[in-house]
Structures are given as structure tokens and as C-alpha cells.
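[1] Build me a model from this:
(one chain, ligands or ions: 1)
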Amino acid sequence: MPVLGLDANATEPLRPEARDAVLRALDQPGNPSSVHAEGRAARRLLEEARAAVATAFGAKPQDIVFTAGGTEANALAVRGLAPGRRVLLGATEHPAVLRAAPATAETIPVLPDGTADLAALEALLGAGGPALVCLMAANNETGVLHPVAEAAALCRRHGALLHVDAVQAAGRVPLALAGADSIALSGHKMGGPKGAGALLLRPGIDLAPLIAGGGQERGRRGGTEPLPAIAGMAAAALAARPEAAIRLAALRDAIEVGVAAAAPEARFPGRAAPRLPNTTSILLPGVAAETQVIALDLAGVRVSAGAACSSGKVAASHVLAAMGLGAEAGAAIRVSLPWNAAEDAPERFVAAWSAMRDRLSRRAA
Ligand code: PLP
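    Sure, this is the predicted structure:
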């Protein structure tokens, strides 16, 4: 039986359009900063990629800063825009944002459904000087979509800047981000290769670089641009069709219906909120997420722990804790369908999950 990959929020499978673009760019020998013919050809490719990303996300090419990924794009925005401002962070932000922020940053709580508490944001904005607000478009663990447009209106009213981490939302749902001052994207989360990301800036916004180097990217990000990864990201951004959301949401819903029918005790944190179409968080009381992930892996099903996981270590989920879950947060796994998920994915997942649950719940009892 082929492997069932349901961990797209970690990284999406490479799209064929992105693969073709990477291979074409690998054949381009020049450095985009060189003035000779090869350099100019590489520059043309880079600017075509910039125009494609601009088209895909409704930005202006000159306001796009290419980076090495989503983590760097977020760090560039937070570090570059924070000086002289209070920093307000959504409670469920990714570590890429949380760890770029100063220790004095304040937290915007979430409601039990996982969405940002706008009343709390308004109170925080009214309580001090100029602020930088960081609110992600979609959460990576639960798929919960935050009310970014409403937050943008509040920020505008209070003279605050808004940075949006759209790494998980881009290419999956239409981005209604007109009010944001900066937007972080990651190539490999859209079906591009690893190694490229982008920060989209509102026209007129400028920021200090994290890496000054040779002054590339209009002085906002030094370093020779990773052309193959950027070309692949741009091709992936154009190939991603938010219309695919309907198909993925139907598959995701079928997973939830199947799991709920097999195990009445199962819960789905974030299900009450608007969510990414491809994501569900499944909580099986009494069974550690890590144990579930390993059991499913042995059955050929790839998912991840709902908790943040790096270098193979699972830590307590600050996302589920912010939503009011206690120790049971450690029993949630994340299932995230890739853009090319097969129609039989729900049936196969539910069969493997039910067998795992019957075995592990019996042991836990
Ligand atoms: N932001 C969110 C919401 C993410 O889920 C991730 C990766 O998981 C990142 C940022 C970091 O992106 P990258 O892997 O491109 O550095």
C-alpha cells in the first residue's frame, strides 16, 4: 500500500509546474546582480518570478522582498517594523514570529474557538503608544483563520502597523489582506521547493534589513537571490488554485465524520471556527499525540503531533493551551491534506486511525 501523506502543513508536495521552473532556473548560470549578459538573463528570470508573485497576491513587484523562507520573512518584518513600537502578538502565532519579537511583547488572546479576540486587541491598542500587531492569517496546527480584515481596520483606527504571517493560508484560501502592512509567505508551503520565501510590503512601508550584505532586494535583504527556489515558488504561487479548497474541505470533512462515527470521544479543536480547507486537529483523549503519530507512521500514514515539533521533539502546544485546553492538548494530532490528496484519503485514514484508536485506547484504559 502506498504511503498516505497527510502532513502538508509541514511541507506541500512539489508541484510539477514548480519542478519545471526550478530546472529551467538551474540552467541559468548568471548572478542576477552581474551586469554582463548572463547576469542580465538571470535578472530577467528573477524579475519574472517577482511579477508572478505580485500577480498571485495582488502586490506590486517593487514591494516584494525575496527571502530564504517563511521564518526569515517573518523575522525581517517583526525586527524591521518593531523599533519604536509596542509589539502585540497573537497568542497562537508560529515560533517564527514569537521568537523574532522582543521580550516586552504583549499577547492578544484567542477565543475558545481559536480566533483572535478582537475586543481584547482593541483594548490593547487603546492602552498605549504606537504598536506593531502580528496576527497570522491561518494557524498551522488547527487551520483556524483569524479575522485579519477586522484586525486591520482596528489597527488603522489606532495608527498601528499590522504584520500577517500568511505562510499557511497562501495558495489555500483567497487572501483578503489589503489592510496589512507586511505579509510573510513561504515557497515550500505552496508546493514550491524549500529555500525561498517572500515578504510583501504595503507601498510606502520600508524597513531595515536583517542582512545588509551587497544591497540586493533594494537594500532590504542582502545576499545573492536563490534563483531556482524563487522561480519554483513563483510557479507554485501561480499554480495554486484556491478553488481546490472545495475538494479538500470535502475530504477533510469526510475524515472528521468518519473519525467521529468510529470514536464518539474524539474532539476537533478549532472546528467551530472558519478554517483552512485542508486541516483538522484530532484529539483522542488519553493517548499521547507522539504515540499516535508513531503508530500511524508504522501503518504508512504520515501526520504530525498537534504540538510544535522540531528536531523530533514534541513540546506542549501553546496553540491548544491558548484555546483553553489543559493536559489533553497533548493528545491532539494534526492532519493536513496536500494539494494532490487522493479521493480515497479519508477512507484510508479513518481505517488506520480507527485501528490505532482501538489498540491504543484499550491499552490506555
Ligand atoms: N509560519 C507558519 C504559520 C508556519 O507554519 C511555518 C512553518 O511551519 C513558518 C511560518 C515557517 O516557514 P518556513 O518553514 O518557510 O521557514
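
[2] List of residues touching stretch 59-66?
    46-47, 49-51, 53-54, 73, 76, 183, 196-203, 205, 217-218, 220-221, 225-226, 230 (CB atoms under 8 Å, 6 or more residues apart in numbering). For the C-beta atoms, the positions are set from N, CA and C on the backbone; glycine is no exception.

[3] Kindly recompute the last result at 6 Å.
    50-51, 53-54, 198-201, 203, 217, 220-221, 225, 230 (CB atoms under 6 Å, 6 or more residues apart in numbering).

[4] what do you get for stretch 117-132?
    81-82, 85-88, 108-109, 111, 150, 154, 158-161.

[5] State the phi and psi torsions of the nearest residue to residue 4 once chain neighbours are set aside.
    Spatial nearest neighbour of residue 4, chain neighbours left out: residue 301 (4.6 Å); criterion: CB to CB, 6 or more residues apart in numbering. Backbone torsions for residue 301, taken as degrees, to the nearest 10, come to phi -110, psi 120.

[6] and what of residue 184?
    Per degrees, to the nearest 10, the residue geometry at residue 184, taken as phi and psi, is phi -100, psi 140.

[7] looking at it, residue 348 is touching residue 6, isn't it?
    No - judged on CB atoms under 6 Å, residue 348 makes no contact with residue 6 at a distance of 9.4 Å.

[8] So which of those two has more stuff around it?
    residue 6 (29 against 18; other CB atoms under 10 Å).

[9] For the more buried one, give me its contacts.
    Shown in contact with residue 6 (CB under 6 Å, 6+ apart): 303, 335.

[10] separation between whichever residue of the stretch 151-300 of the chain sits closest to the ligand and residue 99?
    Residue of the stretch 151-300 of the chain nearest the ligand, by CB to the nearest ligand atom: residue 186 (3.2 Å). Residue 186 is 16 Å from residue 99, where distance means CB to CB, to the nearest Å.

[11] Enumerate the residues of the stretch 1-150 of the chain near the ligand.
    Residues of the stretch 1-150 of the chain lying close to the ligand by CB under 6 Å from any ligand atom are 69, 70, 71, 74, 94, 96, 136, 140.

[12] By neighbours, which of those wins?
    residue 74 (32 neighbours).

[13] Surely that one and residue 183 touch.
    No - assessed by CB under 6 Å, residue 74 is found out of contact with residue 183, at 10.1 Å.

[14] The contacts of stretch 59-66 in helices, which ones?
    Judged by DSSP state H, the subset of those located in helices is 50, 51, 53, 54, 230.

[15] Check those residues for burial and list the buried ones.
    For those, a burial check counting by 16 or more other CB atoms under 10 Å picks out 50, 53, 54, 230.

[16] Surely the last one touches residue 198?
    The reference is to residue 230. No - counting by CB under 6 Å, residue 230 stays clear of residue 198, with 8.2 Å between them.

[17] For residue 191, see how far away the residue of the chain found nearest the ligand is.
    In the chain, the residue found nearest to the ligand is residue 70; the distance is 2.6 Å by CB to the nearest ligand atom. In this view, residue 70 and residue 191 are 14 Å apart by CB to CB.

[18] Residue 85: how many residues sit nearby?
    Neighbours of residue 85 under the rule other CB under 10 Å: 17.

[19] Could you find the closest non-adjacent residue to it?
    residue 132 (4.5 Å).

[20] The one you found belongs to a strand?
    Yes - the assignment for residue 132 is a strand, going by DSSP: H, G, I helix; E, B strand; the rest coil.

[21] Show me the beta-bridge partners of it.
    Beta-bridge partners recorded for residue 132 (DSSP bridges): residue 87, residue 161.

[22] Let me see the mean pLDDT of the helix or strand containing residue 78.
    Per DSSP states H and E, residue 78 falls inside helix 70-81. Averaging pLDDT along helix 70-81 gives 98.

[23] helices and strands around it, which ones?
    helix 95-98, strand 161-165, strand 182-186, strand 197-201 (3 or more CB pairs under 6 Å, 6 or more residues apart in numbering; DSSP states H and E).

[24] and the shortest one, how far out from the chain's middle?
    Right, the one you point to is helix 95-98. 11 Å (CA atoms, centre = their mean, to the nearest Å).

[25] following it, which helix or strand comes up?
    strand 106-108.

[26] Adjacent strands (with direction) for that next one?
    Using DSSP bridges, the strands paired with strand 106-108 are strand 86-90 (parallel).

[27] Report the buried residues of the partner strand.
    86, 87, 88, 89, 90.

[28] now stretch 40-59
    Under 16+ other CB under 10 Å, the buried positions of stretch 40-59 are 42, 43, 45, 46, 49, 50, 52, 53, 54, 56, 57, 59.

[29] Between strand 182-186 and the helix or strand encompassing the second one, find me the angle.
    Okay, so that is residue 43. In the assignment (DSSP H and E), residue 43 maps to helix 37-57. In terms of direction (axes from the mean of the first three to the mean of the last three CA atoms, to 10 degrees), helix 37-57 departs from strand 182-186 by 110 degrees.
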